[in-house]
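Chemist: I would like to see how this sequence folds:
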Amino acid sequence: MAAPRSAALKLDWAKVTTSLGLRGQTAASLQAFKQRNENARRRVAALQEQTTTVDFAHYRSLLKNQAVVDEVERRFKEFKPATYDVQRQLKAIDAFEVEAVRNAEQAKEKVDLEIQDLQKTLKNIEEARPFEDLTVEEVAAAEPSIDEKTAKLVSKGRWTVPGYKEKFGDLSLL
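Modeler: So this is what the prediction gives:
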């Protein structure tokens, strides 16, 4: 048998899935490819282990009708197995591998960008001042909608925030 040319034999499948953090369709496609590859390799190995020689002398000693054995032996010797051009399938497999690598690279890029974003967020959280130390102006600058909502409530004559008493209790001095 020729040396395997498949990259699938050289991969550490568990490491690929975990190191890239693959999920969803990409992980499922990768797992399905791995399974098909392993099944095909097992079938090829099983077929290669089967014997292809036939002991016609054994059958001649068992059967009375020698003409049947002669006919089968003649047809066996004349038999030429069909050959198939597998280049088309190999090209499809190569294209699939290229597509899988491209998808994996895209997934890695997305994961890297998400990690960078999460690191920035974590840095902001770590460097943030405690909420108690912030001024009203700083909170309003960070979230302008607070000032807008407050101005709208005050313009309508409403001095309390809906749901405040339910959440924090009545803090009035009356």
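Chemist: number of nearby residues for Val111?
Modeler: 15 (other CB atoms under 10 Å). Any C-beta I mention is one placed from the backbone N, CA and C, and that applies to glycine too.
Chemist: so it sits right up against Ser19, yeah?
Modeler: No - the criterion here is CB atoms under 8 Å, and Val111 misses it with Ser19 at 9.9 Å.
Chemist: starting at the chain centroid, how far to whichever helix or strand Lys167 is part of?
Modeler: Element membership for Lys167 (DSSP states H and E) is helix 164-168. In this view, helix 164-168 has its centroid 46 Å away from the chain centroid, taken as CA atoms, centre = their mean, to the nearest Å.
Chemist: CA-only coordinates of that helix in PDB, if you can.
Modeler: In PDB, the C-alpha atoms belonging to helix 164-168 read as follows (Å, rounded to 0.1, in the frame of the first residue of the first chain):
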ATOM      1  CA  TYR A 164     -37.600  52.100  42.100                       C
ATOM      2  CA  LYS A 165     -39.700  51.600  45.200                       C
ATOM      3  CA  GLU A 166     -40.400  48.000  44.300                       C
ATOM      4  CA  LYS A 167     -36.700  47.300  43.900                       C
ATOM      5  CA  PHE A 168     -35.100  49.400  46.600                       C
END
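Chemist: shaky segments in the chain?
Modeler: For the chain, the stretches flagged by pLDDT under 70 are 1-9, 158-159, 171-174.
Chemist: alright, I will stop here.
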